[in-house]
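# Prediction below, plus the sequence it came from.
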Amino acid sequence: MDVLKTSRKTVLAWALYDWGNSAFATTVMAGFFPVMFKEYWSVGVDAAVSTARLGLANSLAGILMALVAPFLGAVADRTSAKKRFLLVLASMGIASTVCLSLAGKGAWALAGLLYALALAGFLGGNVFYDSLLKTIAEGPAMDR
């Protein structure tokens, strides 16, 4: 029988983080940002240009995390700093998302940069969030 390795409080905290980060993916990444980027931050720009700019922001975040994630993962494994890295990256994502409210109409470059930082925080946070699952549950309990 597989049992939870940690307290219910820890499992609940992990699940609540999952819930919150899913909200970012569904609300900001899939809903809010693409529409706002096209209609507000890239107002008056051809749709192809707006789409290319959005792709650039997504690419910047992905490339940034592809370059730094292996290094951060190695450091976290050697220093037992997974929770600290998760906190820092999640905080970066949260702060960058909040700062999107500061980007005015037509400020596509600022909005794109802030979104890329928010997405990098989300992606990087997920690296450490996923790595913590093995410390919370094992076997079939991971599916719960």
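Arrived safely, thanks for sending. Residues are numbered from 1 along each chain as shown.
# State the number of residues packed around Leu89.
24 (other Cβ atoms under 10 Å). C-beta: built from backbone N, CA, C; applies to glycine.
# let me fix that: Ser22
10.
# Can you name the next helix or strand after the lengthiest helix in the chain?
When the chain is parsed with DSSP state H, its longest helix is helix 47-79. Next helix or strand after helix 47-79 toward the C-terminus (DSSP states H and E): helix 82-99.
# Report all helices and strands that that following helix contacts.
helix 47-79, helix 108-136 (3 or more Cβ pairs under 8 Å, 6 or more residues apart in numbering; DSSP states H and E).
# low-scoring stretches of the chain, by residue?
1-6, 142-144 (pLDDT under 70).
# Which parts of the longest helix of the chain count as buried, going by neighbours?
50, 53-54, 57-58, 60-61, 64-65, 69, 72-73, 76 (16 or more other Cβ atoms under 10 Å).
# swap in stretch 13-23?
Buried positions in stretch 13-23, judged by neighbour count with 16+ other Cβ under 10 Å: Trp14, Tyr17, Asn21.
# Those into TSV, with extra columns for distance to Val98 and secondary structure?
Formatted as TSV, these follow (distance: Cβ to Cβ, whole Å; DSSP: H, G, I helix; E, B strand; the rest coil):
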residue	distance to Val98	secondary structure
Trp14	23	helix
Tyr17	18	helix
Asn21	15	helix
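# Let's have those residues in a markdown table, adding distance to Ala81.
Below are the buried residues of stretch 13-23 laid out as a markdown table (distance: Cβ to Cβ, whole Å):
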| residue | distance to Ala81 |
| --- | --- |
| Trp14 | 17 |
| Tyr17 | 17 |
| Asn21 | 19 |
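# Right, I'll leave it there.
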